[in-house]
Every structure is written in C-alpha cells, then in structure tokens.
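In: got a predicted structure plus its sequence, pasted below:
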Amino acid sequence: MLYTLVLYALLVVGLGASIGFLTLHRPRRFFRTVEINASWWVIIVGLWYARSLVLLGIRGASPGPWWDVALSLGLLAAIDGLLLVRFFSYLRYLRDHPEDPSTAS
C-alpha cells in the first residue's frame, strides 16, 4: 500500500510539473529545433506519466524485489527532479524577463 501511494505521489508531482511547464511555456512552433529541445521531452514524459497513472489506477501496484522497488522509485524521483528543475527554472526565467520578446517593439 505504501509503495502504491509513493508511486501515485511521484507520478502526480511529475505530471503537474510537466503540465505547469507546458502551460507557462506555450510552445508555438513545435517543429523548430529550439522547441523540440525545450518542450518535446517534457511532453513525452508527461504523456508517459499520464499513462502510468491510468494503469496504476486500473491494475494497482505490487512491489517486487527490493532492488526493483529502489530502481523504479529512484528513476521516478530523478525524472521528477528534472521536471521540477525545468519548471522552476522557467519560472525564474519569466521573472527575470517579464516582457515577451515577440511583442516587444
């Protein structure tokens, strides 16, 4: 039960960071190299997290051996860390650059 709750928490935090970044970033041209580097990995991970949440809700989770639990939780925590760094660094960027360069005259 604790394993399932930790999985839910990690998936929700990661999905929230992914959606938050994409909401703030609002990518306009998805196929530019800059947008692919900035947004696509966040989109892919967000979709993967959403799928994982749905499957976790349907199937539940049963912990395997200790190394399997440690590896899965460690990888999820690491990816969550990357998503949170991306989200908060973009918030800092928006704070330091309040004017949108595309609307500047």
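Out: Thanks, I have the structure now.
In: which helices and strands does the one helix or strand in the chain whose mean pLDDT sits lowest pack with?
Out: Least confident element among the helices and strands of the chain, by mean pLDDT, DSSP states H and E: helix 33-35 (a mean of 71). Using 3 or more C-beta pairs under 8 Å, 6 or more residues apart in numbering; DSSP states H and E as the contact criterion, helix 33-35 has no neighbours among helices and strands. In short, each C-beta sits where N, CA and C put it, glycine included.
In: ok, and what's touching it?
Out: Helix 33-35 is contacted by residues 27, 28, 29 when judged by C-beta atoms under 8 Å, 6 or more residues apart in numbering.
In: let's have those in CSV, adding neighbour count and distance to residue 95.
Out: Putting these into CSV (neighbours: other C-beta atoms under 10 Å; distance: C-beta to C-beta, whole Å) gives the following:
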residue, neighbour count, distance to residue 95
27, 16, 20
28, 8, 21
29, 8, 24
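In: using TSV, lay out the residues you listed together with distance to residue 57.
Out: Output for those, formatted as TSV (distance: C-beta to C-beta, whole Å):
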residue	distance to residue 57
27	29
28	33
29	35
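In: ok, of those, which one's closest to residue 79?
Out: In terms of C-beta to C-beta, no member of the contacts of helix 33-35 lies closer to residue 79 than residue 27, at 19.9 Å.
In: per-residue pLDDT, the closest one?
Out: Listed pLDDT for residue 27 reads 71.
In: give me the mean pLDDT for the lengthiest helix in the chain.
Out: Once the chain is assigned using DSSP state H, the helix that runs over the most residues is helix 66-96. For helix 66-96, mean pLDDT is 91.
In: so which elements touch it?
Out: Using 3+ C-beta pairs under 8 Å, 6+ apart, helix 66-96 sits against helix 2-25, helix 41-59.
In: just these: most buried one?
Out: Highest mean neighbour count of the helices and strands packed on helix 66-96: helix 2-25, a mean of 17 (counted as mean count of other C-beta atoms under 10 Å).
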